[in-house]
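1. what would the 3D arrangement of this be:
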Amino acid sequence: MKPVERWVEEVARLAEPKEVYFCNGSDEEAQWIMKKGMEDEKINGKPVFYELNHKNWPTAYLHRSHPTDVARAEHPTFVCHPDRDTAGPNNNWMDPREAKEKLIELTRGTMRGRTMYVLPYAMGPLDSPFCKLCVQITDISYVAISMRIMTRMGKEVLDRIGNSEDFVKGLHSVGDFDPKKRYIVHFPDENLVWSIGSGYGGNALLGKKCFSLRIASWQGYKEGWLAEHMLIIGVEDPSGEVHYICGAFPSACGKTNLALMEAALPGYKVWTVGDDIAWLRIGQHGRLYAINPETGYFGVAPGTSWDTNPNMMRALKAAKFYPTLFTNVALNPDTNEPWWEGLGPRPPRLLDWQGNPFDPSKPFAAHPNSRFTVSIYNTPNLSPEFENPQGVPVSAIVVGVRRTSTIPLVVEGFDWTHGVFLGARMGSEITAAAQDLKTGTIRRDPFAMIPFCGYNMADYFGHWLRIGKQLKNPPKIFAVNWFRKDEEGKYLWPGFGENIRILKWIIDRVKGRVRAKETPIGLVPYPEDIDTEGLQIGRRELEKALEVKPEEWRKEAHEIREFFSKFGQRMPEELLQELEKLEKALGG
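-> All right, here's what the predicted structure looks like:
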């Protein structure tokens, strides 16, 4: 018996499903699983899937999750290294033996009467040196179908694993959706994720945040590469030259809009490589190379529209890859079409995200964290380099936050170490993507990885610094903030497709074509070097968007020092020195 089969048999003895089914990733299989979700399986007494209007939304289906299960849950997420220090203060920790005992009892018999789907999948192109082979077990059709969209799933993965023990294991069951029995537990040294009690994407699609970030970041630490919460885009200029940029943004801070941007500047085009996860390795000529290990988008629906993200709307309406899923959006019962805030005018009649008649006095019909799951192969501007097994060469790294004040529109790090400091000091306003946190407050979120780094973040910073020392041609690192407001609460920068103007400045800096102004926090543009032709923005607004206010930054530096102090002696000395330089430059 092969190791995969032996493990599946062990899980089946524990969970006691009525049947075990090995998925092959075919279209015919997907249609069969969708039918099971519409006719046989239930969540909260209702079908897992509802077919939508396929005339206007080809291959689209609606999924309504359990009402307690609508976002990534952080408090029941654990990283179980043998010791607490390795997990760090950025992770919840439990002794691995205690965690296993708890999970075994919670999983015992939990799949009775259900199908146990075995999902063999690969993260990254199968022939890539980046590629990791994985197997997830689940007992819900929503996860089986979502993993087919988000990963390279199929029999070929099983064939490649063969008799090897070297594959990442993911064990998932929705259980009874009881939040008190909800756990998402990672065992980095065993390449194992064990999740129970949730069917929501980030808690249940174990190839995504659980493996591709938490487990993979630990693999990268040991093997000399980086697993990052980053988009990857190629920016083509009018001459046809393409520069590849990686960008770290906390969830719901415009990452997907930027990844699929329709550039507002004539002659410029953005090519999408990925919108959420990047694996970075040192490649040819000492350059950093990136791949997107995923094959789909799990994006936030509210705010997505023909105005904000036309390429994503085209992807959602494409019929290339079966199916496309909408989770916890509202439904227009008259046309059987999905709807969410920001899509367009609200129809006269709606069913809310739970399927109840919508009361217009309520703040929203679609859940604020409602999602779509759609194949990347539907993308109209998918990069020709998406399947390149070596990845794409990275010219620049951008770290972005959502802040109404303090953080300028764009700032460049003085060098690699200072650029790592820009990423390490990130603080962003919390959004609805995390279930158990208060929205609107500021959370320190270095490299947008605070929920996803699978080991002590101080060691993670040190790993970034070591990678930089090995690069002969390191990318420049920039920090951006599209969300700064004026005294009247109006955004100073239009954002969306106009962000190409900032990317143009970044590329100009990479190419050495424009100068920059030195400030205590880094290098900022001279307003005249940002291309504003055809843009309705005055110089005064642009200056405000780029302004560095010492009094605000003194407060910011104090909060950064408080955050760094949580990591004690493990915090890299180089970053503490960068903080001291900042404090000295700010004075006061």
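
2. which strand or helix spans residue 581?
-> Assigned by DSSP states H and E, residue 581 falls within helix 573-586.

3. quick check: buried residues in that helix?
-> Using 16 or more other C-beta atoms under 10 Å as the test for burial, helix 573-586 gives 574-575, 578-579, 582-583, 586. All C-beta atoms are positioned from the backbone trio N, CA, C, and that covers glycine.

4. packing partners of the helix or strand that contains residue 231?
-> Using DSSP H and E, residue 231 maps to strand 230-236. Secondary-structure packing of strand 230-236 (3 or more C-beta pairs under 8 Å, 6 or more residues apart in numbering; DSSP states H and E): strand 242-248, helix 255-259, strand 269-274, strand 278-282, strand 288-291, strand 392-400, helix 500-510.

5. what lies in contact with the helix holding residue 581?
-> 417-418, 420-421, 424-425, 461, 465, 520-521, 550, 553-554, 557, 560-561, 564 (C-beta atoms under 8 Å, 6 or more residues apart in numbering).

6. just confirm residue 555 is within a strand.
-> No. Counting by DSSP: H, G, I helix; E, B strand; the rest coil, residue 555 is not part of a strand but helix.

7. now do the contacts for the closest residue to it other than its chain neighbours.
-> Once flanking residues are discounted, residue 555 sits nearest to residue 406: 8.0 Å by C-beta to C-beta, 6 or more residues apart in numbering. Counting by C-beta under 8 Å, 6+ apart, residue 406 touches 549, 552-553, 555-556.

8. at 7 Å what do you get?
-> Residue 406 makes contact with 552-553, 556, according to C-beta atoms under 7 Å, 6 or more residues apart in numbering.

9. low-confidence ranges in the chain?
-> Counting by pLDDT under 70, the chain shows low-confidence ranges at 252, 431-440, 588.

10. go again with 80.
-> 251-252, 430-440, 588 (pLDDT under 80).

11. what separation do you get for the residue nearest to the spatial centre of it and residue 32?
-> In the chain, the residue lying closest to the centroid (C-alpha atoms, centre = their mean) is residue 276, at 3.6 Å. According to C-beta to C-beta, to the nearest Å, residue 276 and residue 32 sit 29 Å apart.

12. circling back: so the residue nearest to the centre of the chain, which of the three states?
-> Following three-state DSSP, residue 276 is assigned to coil.

13. identify the residues contacting the closest residue to residue 350 other than its chain neighbours.
-> Computed as C-beta to C-beta, 6+ apart, the closest residue to residue 350 that is not its neighbour in sequence is residue 358, at 4.0 Å. Applying C-beta under 7 Å, 6+ apart to residue 358 gives the contacts 330, 350-352, 365.

14. residue 358 and residue 364: what is the separation?
-> 9 Å.

15. could I get the helices and strands packed on strand 230-236 as CSV with distance to residue 59 and mean neighbour count?
-> Formatted as CSV, these follow (distance: least, C-beta to C-beta, whole Å; neighbours: other C-beta atoms under 10 Å):
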stretch, distance to residue 59, mean neighbour count
strand 242-248, 29, 24
helix 255-259, 20, 26
strand 269-274, 20, 24
strand 278-282, 27, 24
strand 288-291, 26, 26
strand 392-400, 29, 25
helix 500-510, 31, 21
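
16. closest one to residue 12 among those?
-> Closest to residue 12 of the helices and strands packed on strand 230-236 is strand 278-282 (C-beta to C-beta; 31.9 Å).

17. how about the strands in the stretch 51-200 of the chain?
-> All strands of the stretch 51-200 of the chain, identified by DSSP state E, counting those that start in this stretch, fall at 60-63, 77-79, 115-123, 132-138, 152-153, 168-173, 183-187, 192-196.

18. given the third one, what are its sheet partners and their directions?
-> Translated: strand 115-123. strand 19-22 (parallel), strand 132-138 (antiparallel), strand 152-153 (antiparallel) (DSSP bridges).
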